[in-house]
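Q: what's the 3D shape of this:
(4 chains)
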Protein chains: 2
Amino acid sequence: MQHWIIDREVGALATWVEAMPGVQILRRDQIPAIRFAGTGVIWSRLRSGEPVELALAGIDRSGGQPVVLLSDEPDEAQVLQALALGAAGCCNSRAATAVLQQVTAVVGNGGLWVGQSLLRKLVGATALRLGQLPAEGENDNWAALLSEREVQVSRLVANGASNKEIADHLAITERTVKAHLTAVFEKLGVRDRLQLSLRVNGLRI
Amino acid sequence: MQHWIIDREVGALATWVEAMPGVQILRRDQIPAIRFAGTGVIWSRLRSGEPVELALAGIDRSGGQPVVLLSDEPDEAQVLQALALGAAGCCNSRAATAVLQQVTAVVGNGGLWVGQSLLRKLVGATALRLGQLPAEGENDNWAALLSEREVQVSRLVANGASNKEIADHLAITERTVKAHLTAVFEKLGVRDRLQLSLRVNGLRI
DNA sequence: GTGCCGACTGTACTTTGGTTCAATAGATTC
DNA sequence: GAATCTATTGAACCAAAGTACAGTCGGCAC
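A: Model prediction:
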């Protein structure tokens, strides 16, 4: 896995080199001319006082590599802004080697990384917001909208079962499974079994 | 590192045993009598329809081990509640082995874990999806087995898109989408798009 | 009773998903 | 240059998913 670090000036911290053997440090003003190829992680360092856009603009994203903001002074707003600008995460630029490696593992596989203290703040803020605005349909009570049988069928679908398998499992005909599913699609406003699966598995609200 | 899993009934999923060699499965009704000792992670499984408190109450926390909620149907409210109750994270109980190991790495070091899809909801970063950024991939190396195009198609499928929608989005014909998917099914050993979705979304291998 | 609802099933149908043939073309590797 | 991999597409086909319309049966409420 390749690592690229974008900074105002060339010069790496020891932790970076330790966590990312073979890392390539790039000057920010060279970025527009560079196309990133291959699997890897693009890190962009934000110095104190600089605006987040400065670190995240102009990076070639066509290669699909995740971008992580390395901030000298991370704060909540900065993280949110970085994520909104398409970054896969944000961590302290002086983070320990092990932390950097953990970030790599997470974002390298398509995940998002947010440091724990910041995550606590985010969670706190969100919980607060949800507490004030009581769950306007956000609480996905999909099961509450369905009959018991429909819930059973939905759960089996969400696990990847075919109509035939569901029918055998519930000792009913395939036709009945279809009838239940048609009712479920209608009640939940989803199009097909795949979207139902996402709903049941909490991947979409 | 020791792992304890608390469930309503004894009986482990294959992924659990794989991710946590030597794991100890405990019945929920035995919990009040148990004192956890040594370094490790306490997992507590929440079945469908059960209230979060049921899984997190009555656990001896004096040993300082992090507690992770294993939810059959995770949703945003559940995660927030779990964190509010002192859990270090929440993930789908059918998460892939690699995901469970990643959770272990994070919470074992004092971190908080929130799944990517849920984190995205917390952050409200819907722009990320639109930006063609990697969806919720996991440490399962499914993507490594596929070509770039196949990965693109797989991610769209995992988000619930139809072949026609994928074709339009990528400016290719539906026929080509089918060709890519047939190749993906073969390479990953899955049966259809729903199982591919589960794989890409890190649910069960 | 009558009406409503949920579970269940049948026949027939359309649509979507997925496979099996086959083929062209560019890029890379050896 | 041959071999290999990937992306792309076509025609034809089979299978699964999903819809439309229709009907039976039991429980429950008014």
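Q: can you tell me the SS state at A:G63?
A: Using DSSP: H, G, I helix; E, B strand; the rest coil, the structure places A:G63 in coil.
Q: give me the pLDDT value at the nearest residue to it once chain neighbours are set aside.
A: Closest residue to A:G63 apart from its sequence neighbours, by Cβ to Cβ, 6 or more residues apart in numbering or on different chains: A:F36 at 4.4 Å. Every C-beta, even on glycine, is put in place using the N, C-alpha and C of the backbone. For A:F36, the pLDDT comes out at 82.
Q: which residues of chain A lie near DNA strand C?
A: Within chain A, the positions lying close to DNA strand C (Cβ under 7 Å from any atom of the strand) are A:S147, A:E148, A:R149, A:E150, A:L170, A:I172, A:T173, A:R175, A:T176, A:A179, A:H180, A:D192.
Q: surely the last one and A:L198 touch.
A: Put plainly, it is A:D192. No: using Cβ atoms under 8 Å, A:D192 is not in contact with A:L198, being 10.4 Å away.
Q: looking at these two, which one has more neighbours?
A: The neighbour count for A:D192 versus A:L198, taken as other Cβ atoms under 10 Å in any protein chain shown, is higher for A:L198 (22 against 14).
Q: isn't the more buried one right up against B:G160?
A: Yes: under the criterion of Cβ under 8 Å, A:L198 makes contact with B:G160 at 5.5 Å.
Q: around DNA strand D, pick out the residues from chain A.
A: Checking chain A against DNA strand D by Cβ under 7 Å from any atom of the strand, the hits are A:S162, A:N163, A:K164, A:R175, A:K178, A:A179, A:L181, A:T182, A:F185, A:D192, A:R193, A:L194.
Q: for the first one, grab phi and psi.
A: As for A:S162, its main-chain torsions (degrees, to the nearest 10) stand at phi -90, psi 170.
Q: pLDDT of the helix or strand harbouring A:R149, averaged?
A: According to DSSP states H and E, A:R149 maps onto helix A:148-158. Across helix A:148-158, the average pLDDT comes to 90.
Q: show me what the helix or strand following that helix is packed against.
A: The first helix or strand that comes after helix A:148-158 along the chain, using DSSP H and E, is helix A:163-170. Counting contacts by 3 or more Cβ pairs under 8 Å, 6 or more residues apart in numbering or on different chains; DSSP states H and E, helix A:163-170 packs against helix A:148-158, helix A:174-188.
Q: does chain B sit close to the first one?
A: In this case it means helix A:148-158. Yes: counting by Cβ under 8 Å from any Cβ of the partner chain, chain B has neighbours in helix A:148-158: A:R155, A:V157.
Q: counting by contacts, list what that helix packs against.
A: Using 3+ Cβ pairs under 8 Å, 6+ apart, helix A:148-158 sits against helix A:163-170, helix A:174-188, helix A:193-200.
Q: show me what A:W43 is bridged to.
A: In this entry, A:W43 is beta-bridged to A:I5, A:V68, by DSSP bridges.
Q: tell me which residues touch the residue of chain A found nearest DNA strand D, please.
A: Here the residue of chain A nearest DNA strand D is A:D192; by Cβ to the nearest atom of the strand that distance is 3.0 Å. Going by Cβ atoms under 8 Å, 6 or more residues apart in numbering or on different chains, A:D192 touches A:F185, B:S162.
Q: can we see that at 10 Å?
A: Each residue near A:D192 by Cβ atoms under 10 Å, 6 or more residues apart in numbering or on different chains is listed here: A:V157, A:L181, A:F185, B:G160, B:S162, B:R193, B:L194.
Q: closest to B:A57 among the residues you listed?
A: Distances from B:A57 to these, taken as Cβ to Cβ, are shortest for A:V157 (31.6 Å).
Q: I figured the closest one hits A:I166, correct?
A: Yes: using Cβ atoms under 10 Å, A:V157 is in contact with A:I166, at 7.0 Å.
Q: who's in contact with A:M1?
A: A:M20, A:P21, A:G22, A:G38, A:T39, A:G40, A:V41, A:Q65, A:T104, A:A105, A:G108.
Q: distance from stretch A:177-184 to the middle of the chain?
A: Distance, stretch centre to chain centre, for stretch A:177-184: 32 Å (Cα atoms, centre = their mean, to the nearest Å).
Q: low-confidence stretches in chain A?
A: Confidence mapping of chain A against pLDDT under 70 gives the ranges A:62, A:76, A:109-111, A:115-140, A:204-205.
Q: domain ranges for it?
A: A:2-113, A:117-200 (automatic domain parsing).
Q: okay, the ones you listed, which one's buried deepest?
A: Compared across the domains of chain A, domain A:2-113 shows the largest average neighbour count, a mean of 18 (mean count of other Cβ atoms under 10 Å in any protein chain shown).
Q: end to end, how far does that domain reach?
A: 18 Å (Cα to Cα, to the nearest Å).
Q: repeat for stretch A:156-171
A: So stretch A:156-171: terminal residues 13 Å apart, Cα to Cα.
Q: if we look at that stretch, which residues are touching it?
A: By Cβ under 10 Å, 6+ apart, stretch A:156-171 touches A:149, A:152-155, A:172-178, A:180-181, A:184, A:192-194, A:196-203, B:72-73, B:94, B:190-192, B:194-199, B:203-204.
Q: let's see 8 Å
A: By Cβ under 8 Å, 6+ apart, stretch A:156-171 touches A:149, A:152-153, A:173-174, A:176-178, A:181, A:193, A:196-197, A:200-201, B:94, B:191-192, B:194-195, B:198, B:204.
Q: chain center to that stretch, what's the gap?
A: Relative to the chain's own centre, stretch A:156-171 is displaced by 30 Å; criterion: Cα atoms, centre = their mean.
Q: with stretch A:78-87 instead?
A: Distance, centroid of stretch A:78-87 to centroid of chain: 12 Å (Cα atoms, centre = their mean).
Q: and that stretch, anywhere near chain B?
A: Yes: using Cβ under 8 Å from any Cβ, stretch A:78-87 comes into contact with chain B via A:L80, A:L83, A:A84, A:G86.
Q: how about the last one, secondary structure?
A: Spelled out, that is A:G86. Assignment for A:G86 (three-state DSSP): coil.
Q: give me phi/psi at it?
A: Dihedral pair for A:G86: phi 100, psi 10, per degrees, to the nearest 10.
Q: in this model A:V67 seems to touch it, though I could be wrong.
A: Yes: if you go by Cβ under 8 Å, A:G86 and A:V67 touch, sitting 6.8 Å apart.
Q: quickly list what's touching both of those two.
A: Common neighbours of A:G86 and A:V67, using Cβ under 8 Å, 6+ apart, are A:L56, A:R61.
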